[in-house]
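A.B. asks: what's the 3D shape of this:
(chains A, B and C)
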Amino acid sequence: MTEASGTLVLPELESACLRSFSLFTRTDRIEVDFSTAPVFCLVGANGLGKSTFLAALSYALTGAVAQPGRKFRGVRQYYKQARSYAPKYFRGRIKPRDEESAEISLTFRAGTRRYSLTRAMFNAVGLRELTITDLDDGESILDTSDLDDEERNALYQANLTKDIGLDEFDQFVFLQLFILSFDERRELLFFDQEQKLLQQALYITFDLDPARAKEADKLDRRIEGLESLARNAKWQATNARNQLEALVSAGEEAFAEIDEGANEQRRLQADRDEALEGQERVERALADARLALAEQTASLQALRGEYDSVWSDRLQGNGDPAAHPLILATIEDARCGLCGTETAEVVARIESALAEHHCPLCATAVSDAAAKPDETMARLGELDAGISEVQDRIVEFGPSLQKLEEELTSSRAHVDFASKSLADFEAKNPLALFEGDPTIGLKAIADRFKAQIAAFEKEKEEKRAERDEVRKKLKPLQERLVRSFKTAEEQFIPSFSELAREFLGLDIEIDIEQKNDTVGLELRVEGSPRRATDTLSESQRFFIDIALRMALIQQMSDSSSPGWLFVDTPEGSLDIAYESRAGEMFNLFVERGHQLVMTANINSSQLLQRLAVRCGEEGLALERMTDWTDLSAVQSSEEDAFQMAWGEITASRRSKEAKAKERPKRSPSKR
Amino acid sequence: MDELNEEGVKRLLEEVYALPIQEEYGVNGVARLKQLALGLDQIYRHLAYEKLSGGLTVLCSLDDDAELVAGEELLRLAPEDLPAYVEEVATIQILPDGSLLLIPSASDPLGFAKQAVVYHFDGADNFVYGGALQRVINIGPLPSIFGTPTFFLLEKALEAYRHQHALHSQCPILKAGLWSDERRWFLANSPEDVAQDSLHNYLRTTLRGIREVRREQKVDKRPVDLKVSWALVPRIAYIEIKWMGQSTDPENTKISTTLNVAAAKKGAKQLADYLDDNKQEAATYDTIGHLVVFDARRRGLKFDSATLSAIDGRYYRPREVAYNPAFDKSRSDFARPLRFFLEPAQVDE
Amino acid sequence: MSAAASFDALRLCAEISAASGAGAAAVEIHTFAYFGCLLSVYEDRPPAEWGYGFRVTPAGAPYSDELDSALKTLRAGGMIVNYGHAFDLSSPGRADLELLCTHATNRARLRYLSSAAGTALLMPLPAVTSALSREPQLQEFLGAPTSRDLLDEVGVDAVKAHFEVITRVLADRDLGDDLTVPASLWLTALAEQASDG
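C.D. replies: Here you go, the predicted model:
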């Protein structure tokens, strides 16, 4: 149906499945079948997550999410940045408890192969599942069950890149996020300043060799880098030149100041050295004091330990039964300390055992060690006195330590101040560092400056020369691109114009142009480039940009695999007339054989209406977001309006044949 | 966590009698106060409050050596000797070694105030400061906050309550609120609240070793009034309170409720059911249910009766309730039910 | 074995026995030791200085392992004897306690323990333990299934908040060294809170 002359085998979506996606509150599992119709449209009010759905699809394919507002610094950089942005994007949309289980599965066709993959929402560099099947024989090409997630992902990237016909996977990422999808929050190809972006898109579309696109991208980076270095060198040269002028004009006066300066510098230096000495002194005193304190503390620990231990021994009775408090208690209170029996017998029995030097409990003979219970109490008293003394000493340490610490803080401050004063002075008075004959010094300084200036100039020239060399390498690539464009322009420009005119109703043309280092496109409305920016509203610009993407996709794709466009339909207000026309434009794209995956707010119902009418039931698959997610109060209040609009649209989507009979058939654009 | 309200705490200052004593006598004063308190505890363990109709003055001298109590009948003795020497009145000084210096007659408490911390009992506790006798706030069940008997066993506490607080309505809460009038023939409206109040106050003042005595909300399935939980062992006691007798309406114009043995038996069944329903608590805790019944039955008494004979008034005193089934025999978690007979105040002998 | 814990056990055994006239129960010794520690916090000492820590048992009472161990050792050593539900000191126990009270090491804790136990002289013993059970942490942890540590940072803040109110109410009064008065006021406030809540 379409005669694209491109070579890229763009893929076609078949189905998707999201699991544990907290944002869609109604269900834990969302399944979408893209294969029933060329247009899939997700309908819902704002804020329900339509953009998130498209972002998730792109993420499944690439492991990356485009972050609006990032400056484009080359394809490789872009991929890295988008990949690291992905988890941040989803973190706000998926609850922590679902992080592990949230995943998306996708099935799509690329050429003669069918890809089936599952990617975890929080692992951009891995795939949980991957099968690639050859559609001709239905055999699976790859068994990835033994691999880990990262290996699987690497295989996927390698295979897909090859199957599509690109040179690197990051080119596919660029393609998917910039050309094959449209989101108004991101950069526009035409109207934003980001010309490098458009240039890369043009390379990929027209130049037919992705390796060259990559090369051009690299050279571009390099030129920018060299420019930056050259500018820097120039600035440094200018700076040094100014300083030299200032120095020379200072002239004679400078000589007299040098002597004073030298004296002052010596004085400040002496100050600083003295401050350092003072600090060291305090540091030593503090260290000594801390050591002494530590010794006292250790001594205290030891004394306390001994106190505890002597007391403990006392309770065990030191092994001498006569000294054991239980025995003593029994005898004194005339009551058995174990069972409470109060008889004189008890005491008598114990006393006699003791007299015979036998243990009253087990009758073992014990030596005649004199019981000395009082000694242990005396010892305890001594230890207590010792503890008390050490504690007092420790307490005394407190104030003196604090004083030393304060002294240290202030002497450090003093050192800092003296050092800074010295450094400031030296910076302002470089001449002060010169000993000896001032005149010689001055000349030497001037010579030094001159040498510096020369070096910077040289650097600047070198970088510029290098840059020019790189430009020379880039030029043929650019010229080649321009030629390729010209070759294709017979197809491309009309293709674009038709789409754009369908929408705008005005004559609109584009042409390739080469400005400095960049190749770009110029847009002309009714013959004039000026009027492009003047006459188009923001919403109109969005749709023109969509038209450009559509044209590029058609251009770059192989006829058997025309590929898709994801459109997050812009929310802004289009005139109702333009809305229907936008619907026509979309329909035209679809008639050319492409797949369209889009979102729509029920408010852009005119667009949707027209598309429904034109595509019919077989051509347009609709999905209501309210089946996926609960509505907020505000959203619920719009339900009624929604229901009405929904009814109208589905009704419009009658059989295409039936409709076709009623309207004059439009000839599909073909060339 | 709860915070303290400063204004509320300020108002409580008047309950801390140690404070004005400290302010009047200094730090030494608090030490003397503690000695005095210790002495009072011992005195009240041997002298019954009710006996001291003539008043009791007890003091502790600020100066260790001073002996301030003097008189012809001066005695030196130990607290356990007191009952033999004291009838209705005494003045006692507590000496540093804990022994007592005593004259069996009254004194003017204010007379000692400059040299000692002085306490005076006139049916309630007072201390002397600010040149006057100052009443001590006492919300407890006994006339004095000193010498409180304490119990480790709930059963012993309930026994003591039966004799010393319920029988003659000695408990101030019962005396004030349980009866429709001072004859103590009929119970006031909703006597169960007063009974619960009284028993709760008593137990929390006298039971040792427990964590708390809590009043429970009486709702359908929960018949128990009080819950006692122990602090170091996993034990809980539930006390269900029932009453028998006749209670009047709020305006005291007629009998509104009459409860008899059937009510007590029903209470026993309710308690048994409750223990069954709360088996899971019993799994980790050692649980006992106690049924106590306040018994204010009087034989043949009607609302418009003019007199009540002693025989009729005390008719039910020995009459225990025959519980059938006897849960205390068949269950290990059911204590022997207790009956607190409440004597009428006015009978014709 | 911790000398601090065994001193506390001996001293409290003596003081509580005196106040009750009928020995000192183990749970009371733990509770009053905790009370003593709280009074040290009242004077801005860090709880760690007390020498051993407390936790609250599932039954809701404060408890210390060191104190428990001390009680066992003292009993085995005949310093304290067991009568029915409670402990009392033996004669050697009394003698040792008297000497230990003269040690400077014990001076500070003696003051806190005496102030704590002193409250039980001025009001019935069960009234003291009942009021203490309303201490913010014990209230908070009531019913917790496992043992929880007492006087961690949060706990200290909670009791200090209480103590600040007590201090403010008693400002401008010379209370000397004995903390019995502020302790009693605090108990009264806790008991009052209970009847309101």
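A.B. asks: residues touching residue C:147, list them.
C.D. replies: By CB atoms under 8 Å, 6 or more residues apart in numbering or on different chains, the contact set of residue C:147 is C:55, C:56, C:57, C:58, C:63. Where you see a C-beta, it was placed from the backbone N, CA and C, and this is true even at glycine.
A.B. asks: Going through these, which ones are buried?
C.D. replies: Buried members of the contacts of residue C:147, scored by 16 or more other CB atoms under 10 Å in any protein chain shown, are C:55, C:56, C:57, C:63.
A.B. asks: Can you tell me how far residue B:102 is from residue B:34?
C.D. replies: Distance of residue B:102 to residue B:34, given as CB to CB, to the nearest Å: 21 Å.
A.B. asks: Residue A:160 now?
C.D. replies: Distance, residue A:160 to residue B:34, using CB to CB: 90 Å.
A.B. asks: What of residue A:644?
C.D. replies: The gap separating residue A:644 from residue B:34 is 88 Å, by CB to CB.
A.B. asks: Check residue A:151 too.
C.D. replies: 82 Å.
A.B. asks: For the two, indicate the residue with more neighbours.
C.D. replies: Just comparing residue A:151 and residue B:34: by other CB atoms under 10 Å in any protein chain shown the higher neighbour count belongs to residue B:34, 23 against 14.
A.B. asks: Quick check: pLDDT value at that one.
C.D. replies: Here, the pLDDT recorded for residue B:34 equals 94.
A.B. asks: In this structure it contacts residue C:120, no?
C.D. replies: No: Residue B:34 is beyond contact range of residue C:120, at 10.1 Å (criterion: CB atoms under 8 Å).
A.B. asks: Tabulate the buried ones among the contacts of residue C:147 (JSON lines), appending secondary structure, distance to chain A and pLDDT.
C.D. replies: JSON lines is the format used below for the buried ones among the contacts of residue C:147 (DSSP: H, G, I helix; E, B strand; the rest coil; distance: CB to the nearest CB, whole Å; pLDDT from 0 to 100):
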{"residue": "C:55", "secondary structure": "strand", "distance to chain A": "22", "pLDDT": "92"}
{"residue": "C:56", "secondary structure": "strand", "distance to chain A": "26", "pLDDT": "89"}
{"residue": "C:57", "secondary structure": "coil", "distance to chain A": "26", "pLDDT": "83"}
{"residue": "C:63", "secondary structure": "strand", "distance to chain A": "21", "pLDDT": "92"}
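A.B. asks: Leaving aside the residues adjacent along the chain, what's closest to residue A:109?
C.D. replies: residue A:12 (4.9 Å; CB to CB, 6 or more residues apart in numbering or on different chains).
A.B. asks: Check the gap between the one you found and chain C for me.
C.D. replies: Plainly put, residue A:12 is 60 Å away from chain C if you go by CB to the nearest CB, to the nearest Å.
A.B. asks: Just give me the neighbour total for residue 119.
C.D. replies: Because you didn't say which chain, this covers chain A. 28.
A.B. asks: that's the wrong chain, I wanted chain B
C.D. replies: Neighbours of residue B:119 (other CB under 10 Å): 28.
A.B. asks: I'd like to know which elements the strand or helix carrying residue A:83 is packed against.
C.D. replies: Using DSSP states H and E, residue A:83 falls within helix A:75-91. Under the contact criterion of 3 or more CB pairs under 8 Å, 6 or more residues apart in numbering or on different chains; DSSP states H and E, helix A:75-91 touches helix A:50-62, helix A:169-174, helix A:210-250.
A.B. asks: now the next helix or strand after it: mean pLDDT?
C.D. replies: Downstream of helix A:75-91, the first helix or strand assigned by DSSP H and E is strand A:103-110. Averaging pLDDT along strand A:103-110 gives 93.
A.B. asks: Residues contacting strand A:103-110, please?
C.D. replies: Contacts of strand A:103-110 with the rest of the structure, by CB under 8 Å, 6+ apart, involve A:9-21, A:56-57, A:59-61, A:114-121, A:128-129, A:135, A:160, A:163-164, A:561.
A.B. asks: Give the next helix or strand downstream of that strand.
C.D. replies: From strand A:103-110 onward toward the C-terminus, using DSSP H and E, the following helix or strand is strand A:113-120.
A.B. asks: Most distant residue from the centre of chain C?
C.D. replies: residue C:172 (26.7 Å; CA atoms, centre = their mean).
A.B. asks: Next up, the contacts around the most centrally placed residue in chain C.
C.D. replies: Central residue of chain C (CA atoms, centre = their mean): residue C:32, 2.2 Å from the mean position. Shown in contact with residue C:32 (CB under 8 Å, 6+ apart): C:12, C:15, C:16, C:113, C:116, C:117, C:120.
A.B. asks: Let me see the ranges of the helices in the stretch 301-450 of chain A.
C.D. replies: Using DSSP state H, counting those that start in this stretch, the helices assigned to the stretch 301-450 of chain A run over residues A:325-333, A:344-355, A:373-428, A:438-504.
A.B. asks: Thank you, goodbye.
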